[in-house]
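> Please work out how this folds:
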Amino acid sequence: MDHQYATCDGCERGCALCEGGLALCTVCGGSEGTLTSECSGQRLTGEEEDAVYAGTLDYRQDVWMNASSMHSPAHYRAVQQRVDRDLTHRAE
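Down below sits the predicted model:
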């Protein structure tokens, strides 16, 4: 299921959703780094949000799995580490 992103009607100047580009799913409640790859269709618990953010839990293809969501900061750190490692090996 695709995330259903929140939108505003008649919002005020400086709105995080409209002007800041904040991604917030109205179904699961995930936002930014706590967004799973796909929406689970149910509200995330605090523990689930923490695990998604940490890169140890994701929801995709209709199952929960021990993996990082592409929205998770941990995912980006892991990708950057792989890139850095590859560049280091090429330079040697």
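> Can you tell me the closest non-neighbouring residue to residue 3?
Leaving out its chain neighbours, the residue that sits closest to residue 3 by C-beta to C-beta, 6 or more residues apart in numbering is residue 25, at 4.1 Å. All C-beta atoms are positioned from the backbone trio N, CA, C, and that covers glycine.
> backbone phi and psi for that neighbour, please?
Torsion angles at residue 25 (phi, psi; degrees, to the nearest 10) stand at phi -80, psi 130.
> Show me the helices in this protein, by range?
Along the chain, the segments classed as helices by DSSP state H run 46-54, 73-91.
> Now do the contacts for the residue nearest to residue 3.
Taking C-beta atoms under 8 Å, 6 or more residues apart in numbering, we find residue 25 in contact with 3-6, 31, 35, 39.
> Tell me which residues are up against the least confident helix or strand in the chain by mean pLDDT.
Using mean pLDDT, DSSP states H and E, helix 73-91 stands out as the lowest-scoring helix or strand of the chain, at a mean of 83. Helix 73-91 is contacted by residues 33, 53-56, 68-69 when judged by C-beta under 8 Å, 6+ apart.
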